[in-house]
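Q: Any chance you can model this:
(2 chains)
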Number of protein chains: 2
Amino acid sequence: MRAERFLRACRREPVDCTPVWLMRQAGRYMPEYMAIRSKHSFLTMCKTPELAAEITLQPVNRLGVDAAILFADILLPLEGMGIGLEFAKDEGPVIRNPVRGQADVDRLRVIEPEEDTPYVLEAIRLVRRELDGKVPLIGFAGAPFTLASYVIEGGGSKSYLRCKRLMWEDPRAWHGLMEKLAETTVRYLKAQVAAGAQAVQVFDSWVGALGPDDYEQYVLPHSRHVIEGLRETGVPVIHFANNASTLLDLVKRAGGDVIGLDWRIDIGEARARLGAGVAVQGNLDPTALFAPLPVIEEKVKRILDRAGPTGHIFNLGHGIHKETPVEHAVALVEMVHEHSRRPSPVGV
Amino acid sequence: MRAERFLRACRREPVDCTPVWLMRQAGRYMPEYMAIRSKHSFLTMCKTPELAAEITLQPVNRLGVDAAILFADILLPLEGMGIGLEFAKDEGPVIRNPVRGQADVDRLRVIEPEEDTPYVLEAIRLVRRELDGKVPLIGFAGAPFTLASYVIEGGGSKSYLRCKRLMWEDPRAWHGLMEKLAETTVRYLKAQVAAGAQAVQVFDSWVGALGPDDYEQYVLPHSRHVIEGLRETGVPVIHFANNASTLLDLVKRAGGDVIGLDWRIDIGEARARLGAGVAVQGNLDPTALFAPLPVIEEKVKRILDRAGPTGHIFNLGHGIHKETPVEHAVALVEMVHEHSRRPSPVGV
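A: A predicted model of the protein is given here:
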């Protein structure tokens, strides 16, 4: 059953219990991860298939989650587009040649994943072999807006001022950039599926900086292009627009078999707004993993109650924090399974 | 009419045109402000009534806004509670003795505004005299959660991890802290009204870090205590919970004659959810002031259209950015007035 739970929930089919995985589950809170990290740079870890595969598998074994998600970074495909990517120590990503206008956009290429990100595809093949059907493997990519925000700002941002200015001052350059990012993302995710990814998640991590009009005009068509472009692969697409629950109707219009939810909205209310045609993923506050176990348990029960028994993949509402106690993450996975256990569903 | 617009809109009475002011309108984007700032520390500016009054009046004259808001900082009343407050250069507020448990909470006093923040009250008296009825003066304070977040974290935060941990691990200390902050805020705002503030705004700047259950359990009763405590003053209370539009029903339950809205929600949708019993304030993306004027104008028109002619105070969805072109802020105020101009309403 563990092998099937996640994909069945994506398709809104009955499950024996609610599947669970954690965004950024392969990461810095795990001593196993830190042991590897102490010997290699972040980019080396991403670009060495054996290391990426090993890191991907760590939480599957340690936490008992119902899906693996590839260890990688959303910015990796940018290098093949002609964007110089660095991870400065404790600074996060730095882009040395940010996009500031039409001429910069014109210079960007759309990637050929087999040539530009072969290490990602090889890592997927290695993980699938190692997993041997134990749990499915999720591939992922950044959504066009989130990629554009890094590419324009040159790194992270609080206000997204440069990004929004390009959008408002030069819509042609903006849409040109978003089209290239969207097409890159379609090719990148299709290649991940071809290599063995059994579902994909599109992360729009920073789109919560936008109001509904700007989202609809400048972002929605491009996110939709990505998600529609993946339809022919047949794998479920999870669409996670972080801090954007006030835009849920628009996010749904952009598409996705599963809509990811942060923790700022009642998951029952979100399901009511989204309707029966999509599954949901979420929505525990990642900070809650620092709470005493009884507090975590109460929160788990409430989310399960409100989300209902089908079409729900339990997850955090954002990536797991780096100081999270591993034993609380382990306990969370057990709690989700225990409190959602149901009699064997029809047809299983 | 300029003198009346803002308070009439707070009471949902007809107005000749939609009133407008800008959060943080007295601030770093104005050369007049920077001229004073170059000569004095931030705390000196807050604590010298003549300087605070002068800064408060700058945007009234320069922008033509329909209300003044006192120049002050939400953390000022903390000093009288026994909390050591500093503004480190370019670092924002730093609290040297943060609250980490019950013993720290026990040590905190509830302030006596006439003794602890006399400079704020004197600045209000000076501003009222100078304004001479031209536009009303808004007083303000931080909401208990936002104050608690600084007091516990010791400054700003990204994750609010320490704050949330106290909430979950030691609810007695949490509620004790929130009660003292709420009671301090009630006294502080009542004193502001007694000194001449004609409306007050309660800023819950960082409450968007919480999901609905935590807001309801740990925050709502204390915000309600503040707002109900102000009822006897008879002045309108604006309740602004930033980045919390998914909690709008709960924010409304906490109270407020006017609900402040950030830019992440359609203002028409927000009004529909809030019902006819409250006015709203907002909701232009502050970053939009960097856009070309025709883009700003289109956004202004959309907000005015959706908000409707009564019970709306135009504002930004968060504080004005420090690099904002002053001439765009001036143009914004003109646009709001021009596009909302109506035939003389009944009774005016």
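
Q: mind listing what the least confident helix or strand in chain A by mean pLDDT pairs with, with the direction of each?
A: When the helices and strands of chain A are scored by mean pLDDT, DSSP states H and E, strand A:85-88 comes last with a mean of 87. Paired neighbours of strand A:85-88 in the sheet (DSSP bridges): strand A:92-95 (antiparallel).

Q: what residues does the strand it pairs with touch?
A: Strand A:92-95 is touched from outside by A:73, A:75, A:78, A:83-88, A:150-151, A:154-156, with contacts defined as C-beta atoms under 8 Å, 6 or more residues apart in numbering or on different chains. C-betas here are computed from N, CA, C, even on glycine.

Q: same check, this time on stretch A:226-235
A: Residues outside stretch A:226-235 that contact it (C-beta under 8 Å, 6+ apart) are A:141, A:143-144, A:182-183, A:185-186, A:189-190, A:193, A:197-200, A:202, A:237, A:239, A:254-256.

Q: Just the buried residues from those residues, in ChimeraX please.
A: A single ChimeraX command suffices to select whichever of the contacts of stretch A:226-235 are buried according to 16 or more other C-beta atoms under 10 Å in any protein chain shown:
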select /A:141,143,144,182,183,185,186,189,190,193,197,198,199,200,202,237,239,254,255,256
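
Q: Show only the entries of the contacts of stretch A:226-235 found in strands.
A: A:141, A:199, A:200, A:202, A:237, A:239 (DSSP state E).

Q: I'd say the third one and residue A:190 touch.
A: Which is residue A:200. No: using C-beta atoms under 8 Å as the test, residue A:200 is too far from residue A:190 to be in contact (9.1 Å).

Q: related to what we said a few turns ago, using PDB, write out every CA atom in the least confident helix or strand of chain A.
A: Taking C-alpha atoms only, strand A:85-88 is exported to PDB below (Å, rounded to 0.1, in the frame of the first residue of the first chain):
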ATOM      1  CA  LEU A  85      24.500  30.600 -11.100                       C
ATOM      2  CA  GLU A  86      26.400  30.500  -7.800                       C
ATOM      3  CA  PHE A  87      25.600  29.600  -4.300                       C
ATOM      4  CA  ALA A  88      27.500  32.000  -2.100                       C
END
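
Q: Could you list the buried residues of it?
A: residue A:85.

Q: what number of residues lie near residue A:194?
A: Using other C-beta atoms under 10 Å in any protein chain shown, residue A:194 has 13 other residues around it.

Q: can you tell me which residues contact it?
A: The contact partners of residue A:194, by C-beta under 8 Å, 6+ apart, come to residue A:121.

Q: Would you mind measuring from it to residue B:44?
A: Note on residue A:194: its distance to residue B:44, by C-beta to C-beta, to the nearest Å, is 64 Å.

Q: where's the residue in the stretch 51-200 of chain A that chain B sits nearest to, which helix or strand?
A: Ranking the residues of the stretch 51-200 of chain A by distance to chain B (C-beta to the nearest C-beta) places residue A:168 first, at 3.9 Å. Per DSSP states H and E: residue A:168 is located in helix A:161-169.

Q: isn't residue A:80 right up against residue A:112?
A: Yes: taking contacts as C-beta under 8 Å, residue A:80 lies within contact range of residue A:112: 7.2 Å.

Q: Looking at those two, which has the bigger crowd around it?
A: In this view residue A:80 and residue A:112 are compared by other C-beta under 10 Å, and residue A:80 has more residues nearby, 19 against 14.

Q: now the more buried one: how far from residue A:71?
A: According to C-beta to C-beta, residue A:80 stands 19 Å off from residue A:71.

Q: The closest residue to the residue of the stretch 51-200 of chain A closest to chain B other than its chain neighbours: what's it in contact with?
A: Closest residue in space to residue A:168, ignoring its immediate chain neighbours: residue B:291 at 3.9 Å, by C-beta to C-beta, 6 or more residues apart in numbering or on different chains. Listed by C-beta under 8 Å, 6+ apart, the contact set of residue B:291 reads A:164, A:165, A:168, A:169, B:299.

Q: and what of residue A:336?
A: Residue A:336 neighbours (C-beta under 8 Å, 6+ apart): A:17, A:18, A:20, A:300, A:304, A:314.

Q: Low-confidence bits of chain A, can you list those?
A: A:344-348 (pLDDT under 70).

Q: Give me every residue in it lying close to chain B.
A: Residues of chain A found near chain B (C-beta under 8 Å from any C-beta of the partner chain) are A:159-161, A:164-165, A:168-169, A:208, A:210-214, A:243-247, A:263-266, A:283, A:285, A:287-288, A:290-292, A:295, A:299, A:302, A:317, A:321, A:323.

Q: quick one: which of those residues sit in helices?
A: Here DSSP state H is the test, and these give A:161, A:164, A:165, A:168, A:169, A:212, A:213, A:214, A:295, A:299, A:302 as lying in helices.

Q: my guess is the third one meets residue B:288, correct?
A: No: the pair formed by residue A:165 and residue B:288 falls short of the contact definition of C-beta under 8 Å, at 10.0 Å.

Q: So the two - more neighbours on which side?
A: Using other C-beta under 10 Å as the criterion, residue A:165 and residue B:288 rank with residue B:288 on top: 22 against 17.

Q: Go ahead and build a PyMOL selection from the buried members of the contacts of residue B:291.
A: A single PyMOL command is used to select the members of the contacts of residue B:291 judged buried by 16+ other C-beta under 10 Å:
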select buried, (chain A and resi 164+165+168) or (chain B and resi 299)
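
Q: Nearest to residue A:310, out of the contacts of residue B:291: which one, please.
A: Of all these, residue A:310 sits closest to residue A:164, with 39.1 Å by C-beta to C-beta.

Q: residues in contact with that closest one?
A: A:209, A:210, A:214, B:285, B:287, B:288, B:290, B:291.

Q: And the ones in helices among the residues of chain A next to chain B, which two are furthest apart?
A: Among those, A:169 and A:295 lie farthest apart (C-beta to C-beta), at 47.1 Å.

Q: Ignoring the adjacent residues along the chain, who's closest to residue A:212?
A: Counting by C-beta to C-beta, 6+ apart, residue B:266 is the residue found nearest to residue A:212 once chain neighbours are left out, at 4.9 Å.

Q: the strands in chain A, which residues?
A: A:68-69, A:85-88, A:92-95, A:137-142, A:199-204, A:237-241, A:258-260, A:279-284, A:312-316.

Q: Could you export those strands as a markdown table, including distance to residue B:59?
A: A markdown table is the format used below for these (distance: least, C-beta to C-beta, whole Å):
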| stretch | distance to residue B:59 |
| --- | --- |
| strand A:68-69 | 49 |
| strand A:85-88 | 39 |
| strand A:92-95 | 36 |
| strand A:137-142 | 39 |
| strand A:199-204 | 36 |
| strand A:237-241 | 35 |
| strand A:258-260 | 41 |
| strand A:279-284 | 40 |
| strand A:312-316 | 42 |
